[in-house]
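Asks: can't give you the sequence, but here's the structure:
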């Protein structure tokens, strides 16, 4: 595998600028360790973990992988404080924070010597991330699975706009699934990529087989952004989501939507695999995931295709 | 300017694989001639023209440009038949049809020896375009200005999906504004690009100065898709569009929205430059258009940046 040298491989001391997103119910130590061992950067997704569960995952991670890894920490999580404490105790060296202000945890982790990265859906927020002292920023287009910005800015427009607006390295996310999309992101100025859905459909992912099967089955019209006015979320469209979108289109209030939604839908969809009534969060790129492959093979195929794409681009264009 | 050799430059006998979209109220003979003279492919936008106006534009075009050019013909246009007749009479060699079935005009123009291309927002429709005998297909992501597909598939996902699904050359559209996005599109397998908004903001564009000014002013949150349920249209958000989106969110019926909309909003916005009450159709990439430049300079800058981007990609990654 041809090695890379970008601002990101330098920042994290990794071999290839591929980051596996820290997804709820998906990204436990097994997936993160597999990606880090393959030369990328694996992230444990703390968003669906109680502090004691994160503690366990970090212990296992350190026992099973001597390569750099990180933790994704959603700022608005009710356990965010306690989860951050667990990260500090385990001396986690790389934190990706999201869903909240980059000011909340950045100073604490920077003091502890960690690298801090924050996820944003817009240029306006990217500038705040840089001002908060983060080491890099993830520019995540509205294509991404799960919770999304209200702005609905797509990757092709967001990535170069953020690259032009900040000096810290930009990690592209939202729609990246293979070496071609990785090459596109890097043509637009990204120093590397964050990949979610593709890694969610690996044997190492802790998601339910029913959820992985839905990713593989999803066609181009099967993944939508819903709850657009209150909590934009990109998900597989199933009977539950259809009902909710219908209600939104009839002008349903936030309270009506909350009632329709109930609680635990993401767990029900991703962790329990309920294809009818769960929320199976996934990115638009699910339509481009055609089979379940091991995480290491995903990394290797992406890198090979990246170099192949660049070679072809040089050859075919001129 | 370094020459290109792609399936598209061969198909149209042009020097650079950049197509200027045939936009209503924007793309008259002046803009199309400037782009074709610069080595790209200029398209006259027949969608806002009566047949006698198109006739005039074609006469002027032929008097002023001896390079290949084409006409964009929206199939659902009330004058579509008559406009097609004018194209046949003028022996137009390249037709881009859109907004309707590719079967409607393809056989007629193929018999007349023309190249026919059709614009699609999805893989499903791209396959129909290939089956209809078209020579190429424009895969247009939901980022594009003006009328859009209901599917809301974004460029980063649509382009490679269409490339994988058909054998005819794929022209990428929706979000392309510079050499970086052009390189991204070609990394994803496109044989060339179609550019709208960037060319709408040139002196040669027949749009109103107030509309061009809005493109330059537009920020990342100022361009939205509205009328999502009935006639998805991407436009600048002004008081008129805000009122309409509010009504949509309250669950307004199609009739209520039609009444709110009235008629002639696109003309009012694009041709008359009414920034408050017109529909100023533009792509998401308007946020990346920072000044009004001549069409030839746009082509030249795109090509220079394309080659610079590819050189940087090779150098910085490995």
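Replies: Happy to help now that I have it. Every value quoted in this text rests on a predicted model; they were computed, and no experiment measured them.
Asks: which parts of stretch A:271-283 are buried?
Replies: For stretch A:271-283, burial by neighbour count (16 or more other Cβ atoms under 10 Å in any protein chain shown) applies to A:271, A:272, A:273, A:274, A:275, A:278, A:279, A:280, A:281, A:282, A:283. The C-beta positions use only the backbone N, C-alpha and C, and glycine is treated the same way.
Asks: no, scratch that, I was asking about stretch A:116-129
Replies: Those would be A:116, A:117, A:118, A:119, A:120, A:121, A:122, A:123, A:125, A:126, A:128, A:129, for stretch A:116-129 by 16+ other Cβ under 10 Å.
Asks: repeat that for stretch A:65-78.
Replies: A:65, A:67, A:68, A:69, A:70, A:71, A:72, A:73, A:74, A:75, A:77.
Asks: quick check: residues of the stretch 51-200 of chain A near chain B?
Replies: A:122-124, A:141-143, A:151-158, A:160-161, A:174-176, A:178, A:180-181, A:183-189 (Cβ under 8 Å from any Cβ of the partner chain).
Asks: and the residues you listed, which of them are buried?
Replies: Using 16+ other Cβ under 10 Å, the buried members of those are A:122-123, A:141-143, A:151-158, A:160-161, A:174-176, A:178, A:180-181, A:183-189.
Asks: narrow these to those in helices?
Replies: Under the assignment DSSP state H, those contribute A:123, A:155-158, A:160-161, A:180-181, A:183-187 to helices.
Asks: show me where pLDDT drops low in the stretch 201-318 of chain A?
Replies: A:316-318 (pLDDT under 70).
Asks: strands along that one, start to end?
Replies: Here the stretch 201-318 of chain A has its strands, by DSSP state E, counting those that start in this stretch, at A:223-226, A:233-236.
Asks: can you give the contact residues for the last one?
Replies: Here strand A:233-236 makes contact (Cβ atoms under 8 Å, 6 or more residues apart in numbering or on different chains) with A:142-148, A:214-215, A:218, A:222-227, A:241, A:269, A:275, A:279-284, A:286.
Asks: separation between the residue of chain A found nearest chain B and residue A:257?
Replies: Using Cβ to the nearest Cβ, the single residue of chain A nearest to chain B is residue A:251, 2.9 Å away. Distance of residue A:251 to residue A:257, given as Cβ to Cβ, to the nearest Å: 11 Å.
Asks: of these two, who's got more company?
Replies: Shown here are residue A:251 and residue A:257; by other Cβ atoms under 10 Å in any protein chain shown, residue A:257 has more neighbours (17 against 14).
Asks: and that one, what does it touch?
Replies: So residue A:257 contacts A:227, A:230, A:244, A:247, A:248 (Cβ under 8 Å, 6+ apart).
Asks: so who does the last one touch?
Replies: Residues in contact with residue A:248 (Cβ under 8 Å, 6+ apart) are A:226, A:227, A:228, A:229, A:257.
Asks: do residue A:98 as well
Replies: A:72, A:73, A:74, A:75, A:118, A:119, A:138.
Asks: with residue A:35 instead?
Replies: Contacts of residue A:35 (Cβ under 8 Å, 6+ apart): A:18, A:20, A:41, A:42, A:199, A:295, A:296, A:299.
Asks: and it, its phi and psi?
Replies: phi -70, psi -40 (degrees, to the nearest 10).
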